[in-house]
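>>> just coords:
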């Protein structure tokens with residue numbers, strides 16, 4: 001796994017100007033001789049902090065939404081002439097319109113607005129020929145009706161509860177009116193998100209901006225709650241005028257204000273709810289929601305089709321930011337089988353690496369334990385047409401992936417030892433994938449590291465040979481002799497941000513593309529490595545405190561050598577009589593000269609930066625872990641320290657503008673300099689030994705190893721240091737693991753919802769409101785949004801010439817097809 005022959009991340013080269021990709025200049029490689037997956041993504045500046053990990057929260061600030069001057073002509077389909085002429089002569093339309101325009105307050109607008117829009121909707125729906133109703137995707141043969149819902153929140157948001165109260169909601173008229181709940185004031189209540197086809201917000205005169213903001217927030221959340229709705233219309237209004245909105249993966253578009261006297265535009269809005277213009281796809285027929293029999297308005301269950309297979313009874317467990325990539329993750333629970341996890345997203349044209357391609361590459365020579373596996377993938381087509389959205393700036397196409405592994409969030413650790421064992425295995429797997437499969441994850445975080453993984457049926461599936469021993473084997477002092485490797489304690493998911501390191505015999509232009517890709521800033525705000533944050537090498541005194549590689553003794557050393565051999569131990573261990581640190585040599589220049597040197601060095605994403613992200617992840621989780629016997633020791637005295645440390649972690653930002661980069665100061669650096677007592681001050685007293693372990697790891701993480709000359713000879717040197725310290729702790733505490741309360745974290749000044757976190761398993765709850773950066777634009781986004789639209793074909797054969805990936809997939813998922821409805825939760 002680790003040798004002088006292992007593929008290496010290119011080391012920073014003196015005299016080369018760092019290329020951070022912060023100026024928006026594109027470096028797309030177009031050479032036809034380059035493999036398609038090595039074509040550079042469009043280079044964009046690292047933008048605002050992503051909120052793609054949110055469950056709830058305000059939508060985009062509609063008051064600052066640019067007006068789309070072509071909205072009324074390009075985003076609406078004109079109302080057919082016959083119903084329009086009928087409505088233009090209709091006395092009810094004139095009466096309702098006059099009542100709205102003369103409303104003395106906001107509350108007086110609700111009834112006439114709902115009545116007017118319902119009347120228009122029924123008239124237009126009644127004029128649609130039967131053959132066209134079959135052509136259009138409508139959940140119901142009945143018209144959309146508009147309901148006054150201003151008194152109560154809408155319900156059944158998939159994860160969390162935004163507690164939103166839109167004034168008017170549009171739903172297909174139910175066949176049984178008793179399914180609609182009536183509030184005491186006569187308005188409707190508790191209409192679920194998945195029933196809502198459009199939303200309207202009313203405001204009185206002078207409050208149009210507030211109405212825009214609220215309407216856009218509703219669209220934001222309804223798009224999250226409705227994966228069957230690729231795009232969505234909404235509206236806000238005052239007595240003077242109304243304004244229309246259209247939300248899609250390309251963002252939120254707003255029309256100019258339209259007076260109520262413009263019946264033609266109002267009818268076009270309603271008509272477009274049934275039959276939108278070309279390119280404005282409102283419905284995805286490959287996914288539908290249902291509710292349990294005799295339980296109307298219950299939480300939605302989702303049925304999806306992927307690669308020709310039907311998957312029933314899925315629940316949404318993860319919601320991404322609704323504009324841009326718009327990731328949604330589903331889980332299907334099965335009796336006596338691991339859950340099925342399905343991920344869908346909108347991929348942007350120009351993406352260099354695709355997650356499915358990279359996972360196929362990782363598992364090409366046999367499945368790698370601890371790395372999520374793909375069962376099926378596809379570019380989504382509805383009625384034979386790809387679900388694609390395009391404008392002059394970008395193109396996005398809907399994709400789906402079915403995964404074959406499942407894990408649990410780190411916050412659900414039962415003991416400290418369990419969590420550390422998961423981290424140990426993830427580090428071992430990460431370095432194995434980087435060295436043997438030449439893929440660097442680049443977004444290690446609390447979102448992408450799972451524990452207690454479950455493996456789907458694997459009979460007949462080929463596994464990678466010579467997988468290094470994992471922690472259970474190391475601690476047991478013996479290796480498994482089974483052809484099927486043991487289930488690791490950790491699972492790595494989400495390879496959206498990953499990159500190929502390249503093959504030794506690759507053409508020079510391919511190496512150049514790889515180097516450019518590794519210069520991109522990609523990661524998650526709280527957990528991103530310090531150097532990646534600024535795409536440069538930090539150089540202050542605290543970054544130069546190099547320590548030798550930790551050594552092991554006693555039982556820990558004995559177990560290590562039994563598992564990995566004396567050779568691996570020796571090659572990473574520094575000579576106690578020498579001057580090396582992790583095999584590299586610290587420079588002897590003055591700090592002033594070192595800073596000059598650092599500025600001339602070209603930045604690349606090194607392996608150790610992923611290891612640093614793993615450290616920030618384990619630090620954040622262990623810091624707030626709740627010991628099971630915590631009531632025996634008061635926690636009040638250290639609450640302020642906890643709040644301070646947690647605040648520094650959560651306050652970490654990623655600078656965007658060049659001026660911000662020049663004056664940037666990482667809020668987390670101070671934490672790495674804590675001594676043992678300072679570390680322990682923020683932890684529960686029962687966790688004192690854990691704090692000591694983290695302090696020792698922090699000393700190894702803190703230095704800027706890229707500034708050494710020469711740097712450490714092995715790219716996985718920091719993995720090795722961290723794993724040695726974790727192994728030592730596990731051996732010392734094997735008989736007395738600290739029990740934790742799974743899913744419960746210590747209070748750190750804000751509750752979890754205000755922190756944006758809903759704890760749960762991967763497939764049950766949303767995880768964190770943490771920002772990401774990458775090659776981003778000026779909207780909230782993730783680092784993986786430099787993406788490309790490509791049809792995902794079935795992949796070719798594995799290294800077994802008699803069995804293809806499709807054969808493996810059939811083996812893995814075969815039992816799921818016996819009873820498609822079995823195992824719903």
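Here it is on my side, so go on. Everything numeric here is computed off the predicted structure, so don't read it as measured data.
>>> Name the next helix or strand following the helix or strand hosting residue 690 along the chain.
Element membership of residue 690, judged by DSSP states H and E, is helix 688-701. Proceeding C-terminally, helix 688-701 gives way to helix 717-732 as the next helix or strand, assigned by DSSP H and E.
>>> After that next one, which helix or strand is next? Please name it.
Per DSSP H and E, helix 717-732 leads on to strand 740-745 as the next helix or strand towards the C-terminus.
>>> Tell me which strands that next one pairs with, and in which orientation.
According to DSSP bridges, strand 740-745 has the following sheet partners: strand 625-627 (antiparallel).
>>> list the helices and strands the helix or strand following the partner strand packs on?
Proceeding C-terminally, strand 625-627 gives way to helix 639-651 as the next helix or strand, assigned by DSSP H and E. Contact analysis of helix 639-651 by 3 or more Cβ pairs under 8 Å, 6 or more residues apart in numbering; DSSP states H and E lists helix 607-624, helix 669-672 as its packing neighbours. C-beta here means a position set from N, CA and C on the backbone, and glycine is covered the same way.
>>> Now do helix 639-651 against helix 607-624: the angle between them, please.
Angle of helix 639-651 versus helix 607-624, following axes from the mean of the first three to the mean of the last three Cα atoms, to 10 degrees, is 150 degrees.
>>> what is the mean pLDDT for helix 639-651?
When pLDDT is averaged over helix 639-651, the result is 90.
>>> Check which helices and strands the helix holding residue 690 sits against.
With 3+ Cβ pairs under 8 Å, 6+ apart as the test, helix 688-701 has helix 607-624, helix 669-672, helix 676-681, helix 717-732 packed against it.
>>> So what touches it?
With contacts defined as Cβ atoms under 8 Å, 6 or more residues apart in numbering, helix 688-701 is touched by 416, 420, 545, 547, 550, 611-612, 615, 618-619, 622, 671-672, 674-676, 679-680, 682-683, 718, 721-722, 725-726, 729, 732-733, 738.
>>> and it, how far out from the chain's middle?
Its chain's C-alpha centre lies 29 Å from the corresponding centre of helix 688-701 when counted by Cα atoms, centre = their mean, to the nearest Å.
>>> Over to stretch 153-165?
The offset between the C-alpha centroid of stretch 153-165 and the centroid of the whole chain comes to 21 Å, using Cα atoms, centre = their mean.
>>> okay, how far is it across it, tip to tip?
The first and final residues of stretch 153-165 sit 4 Å from each other (Cα to Cα, to the nearest Å).
>>> in that stretch, what's buried?
When burial is assessed from 16 or more other Cβ atoms under 10 Å, stretch 153-165 yields the following buried residues: 154-160, 162, 164.
>>> where's the dip in pLDDT among those residues?
The lowest pLDDT within the buried residues of stretch 153-165 belongs to residue 160, which sits at 86.
>>> Buried among the contacts of helix 688-701? Make that a ChimeraX selection.
This is how ChimeraX selects the buried members of the contacts of helix 688-701, with burial counted by 16+ other Cβ under 10 Å:
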select :416,420,550,611,612,615,618,619,622,671,672,674,679,680,682,683,718,721,722,725,726,729,733,738
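>>> circling back: identify those among the buried residues of stretch 153-165 that sit within helices.
Among those, no residue falls in helices (DSSP state H).
>>> Quick one: these as JSON lines, columns for distance to residue 316 too.
As requested, those are exported to JSON lines (distance: Cβ to Cβ, whole Å):
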{"residue": "154", "distance to residue 316": "16"}
{"residue": "155", "distance to residue 316": "15"}
{"residue": "156", "distance to residue 316": "11"}
{"residue": "157", "distance to residue 316": "9"}
{"residue": "158", "distance to residue 316": "4"}
{"residue": "159", "distance to residue 316": "6"}
{"residue": "160", "distance to residue 316": "11"}
{"residue": "162", "distance to residue 316": "14"}
{"residue": "164", "distance to residue 316": "17"}
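>>> Please identify which of the residues you listed is nearest to residue 319.
Proximity of the buried residues of stretch 153-165 to residue 319 (Cβ to Cβ) peaks at residue 159, which lies at 5.6 Å.
>>> my guess is that closest one meets residue 328, correct?
No. Counting by Cβ atoms under 8 Å, residue 159 sits too far from residue 328 to count as a contact (10.2 Å).
>>> Now do the shared contacts for these two.
Common neighbours of residue 159 and residue 328, using Cβ under 8 Å, 6+ apart, are 316, 318-319.
>>> For the stretch 1-150 of the chain, give me the ranges with low pLDDT.
Scanning the stretch 1-150 of the chain for pLDDT under 70 picks out 1-65, 134, 137-139.
>>> Also the stretch 551-700 of the chain?
Residue ranges of the stretch 551-700 of the chain with pLDDT under 70: 632-637, 657-659.
>>> do that again at 80, thanks
Within the stretch 551-700 of the chain, the segments meeting pLDDT under 80 span 630-639, 656-663.
>>> starting at the chain centroid, how far to the longest helix belonging to the chain?
Of all the segments assigned as helix in the chain under DSSP H, the longest by residue count is helix 107-127. Per Cα atoms, centre = their mean, the displacement of helix 107-127 from the mean C-alpha position of its chain is 39 Å.
>>> Show me which residues of that helix are buried.
Result for helix 107-127 [16+ other Cβ under 10 Å]: buried residues 108-125, 127.
>>> List just the one of the helices and strands packed on helix 639-651 that sits closest to residue 554.
Each of these was scored for nearness to residue 554 using Cβ to Cβ, and the closest is helix 607-624 (23.9 Å).
>>> packing partners for the longest helix of the chain?
With 3+ Cβ pairs under 8 Å, 6+ apart as the test, helix 107-127 has helix 81-88, helix 91-101, strand 144-148, strand 168-172, strand 196-202, helix 263-274 packed against it.
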